[in-house]
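In: mind folding the following:
(one chain, ligands or ions: 1)
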Amino acid sequence: MSAIRFDDVWKEYGDHIVLERITMEVEPRAFIALVGPSGCGKTTLLRMLLGEEQPTRGQILVDGKPLPGEPDADRGVVFQRYSVFPHLTVLQNVMLGRELRDAKFTGRLFGAARRAAADEAMKLLAEVGLAGQESKYPSALSGGMQQRLALAQAIMRGPKILLLDEPFGALDPGIRADIHLLMKRLWNETHLTVVMVTHDLSEAFGLATRVIALERQRNRPEERERYGATVSRDLEIFPRRSAELRTSVQPAPTGTTRSGKEHQPGRPGALVLKEQP
Ligand SMILES: Nc1ncnc2c1ncn2[C@@H]1O[C@H](COP(=O)(O)OP(=O)(O)OP(=O)(O)O)[C@@H](O)[C@H]1O
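Out: Here you go, the predicted model:
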């Protein structure tokens with residue numbers, strides 16, 4: 001469970017200002033959807049949260065402390081594609097999540113620690129609907145299954161913050177709906193703070209507790225490089241989901257993530273609109 005604070009964060013590449021004046025607080029266990037036009041800096045913001053990029057000005061604090069300058073186990077990430085290792089089996093990919101965290105130098109666990117990690121990985125695979133697929137390689141899985149695997153691998157690292165960069169963008173609508181249910185269930189069952197970049201507004205409103213739009217305030221061609229994007233809309237989904245609303249959801253049957261006990265998200269029509277000053 002982590003709170004994130006952006007304190008007047010700017011990101012520039014040479015003379016090109018990509019983001020400016022990003023100041024916001026993200027409460028613990030929030031599910032943030034970052035939306036905005038192509039090229040406005042959504043992925044750049046996510047990469048700064050991951051530690052792959054540093055702010056040019058300002059700072060990002062997690063639980064009151066400056067964000068470590070490089071990726072660590074506290075932050076898990078799933079991209080639209082290529083988040084898992086093609087040369088490792090499904091089980092090995094999920095185990096790696098734990099090995100990278102607990103055996104940083106060797107990348108391997110041994111003995112009881114390895115058996116415990118394998119048991120946990122098997123449970124997690126069942127939870128994401130991949131029971132029975134453990135010895136397959138990712139290339140033998142569908143796109144939706146690969147993204148479930150990527151989620152399982154990220155969660156196996158035990159992150160406090162999960163960063164999602166259009167993780168479901170390449171999936172067919174039906175498969176997307178299934179994986180949305182899975183995502184909601186995983187978020188409900190864990191203490192994760194989630195930040196997700198998406199182009200899909202219905203996905204944003206269906207999953208998130210808060211939808212944040214980034215936009216350039218000045219967008220004439222000659223101004224594009226000199227003015228970065230900033231937070232233009234901060235939409236809180238109402239009623240807010242909170243720890244009290246969490247439901248205990250049984251693991252989905254193998255091969256599916258549909259659950260009758262799924263917590264319903266806030267409806268897009270029920271919003272509190274907070275304009276940025
Ligand atoms: N390493 C880099 N060096 C120089 N410019 C970069 C770098 N990374 C990103 N940019 C620029 O920053 C801007 C924002 O890119 P970013 O990928 O964050 O946008 P985005 O909102 O995620 O776009 P999309 O929705 O199309 O994925 C773009 O103009 C891009 O060219």
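
In: please tell me how far the helix or strand where residue 180 lies is from the chain's geometric centre.
Out: Using DSSP states H and E, residue 180 maps to helix 173-189. In terms of C-alpha atoms, centre = their mean, to the nearest Å, the centre of helix 173-189 is set 12 Å apart from its chain centre.

In: helices along this structure, start to end?
Out: Secondary structure of the chain (DSSP state H): helices at 42-50, 90-102, 111-127, 143-156, 173-189, 201-207.

In: pick the most buried one from those helices.
Out: helix 143-156 (a mean of 24; mean count of other C-beta atoms under 10 Å). Every residue, glycine included, has its C-beta placed from N, CA and C.

In: show the average pLDDT along that helix.
Out: Confidence over helix 143-156 (mean pLDDT, whole number) is 91.

In: contacting residues around residue 21?
Out: By C-beta atoms under 8 Å, 6 or more residues apart in numbering, the residues touching residue 21 are 8-10, 228, 230.

In: could you redo the last one with a cut-off of 10 Å?
Out: Contact analysis of residue 21 by C-beta atoms under 10 Å, 6 or more residues apart in numbering lists 6, 8-10, 57-58, 217, 228-231, 276.

In: in PyMOL, select just the buried ones from those residues.
Out: The PyMOL selection below is limited to those of the contacts of residue 21 classed as buried (16 or more other C-beta atoms under 10 Å):
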select buried, resi 6+9+10+58+228+229+230+231
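
In: flag the least confident of the contacts of residue 21.
Out: Within the contacts of residue 21, lowest confidence goes to residue 276 (40).

In: sorry, back to before: which of the contacts of residue 21 sits closest to the ligand?
Out: Closest approach between those and the ligand, by C-beta to the nearest ligand atom: residue 229, at 7.7 Å.

In: and the closest one, bridged to which residues?
Out: Per DSSP bridges, the residues bridged to residue 229 are residue 19, residue 216.

In: nearest residue to residue 175 in space, please, no chain neighbours.
Out: With C-beta to C-beta, 6 or more residues apart in numbering as the criterion, residue 175 has its nearest non-adjacent residue at 3.8 Å, and that residue is residue 144.
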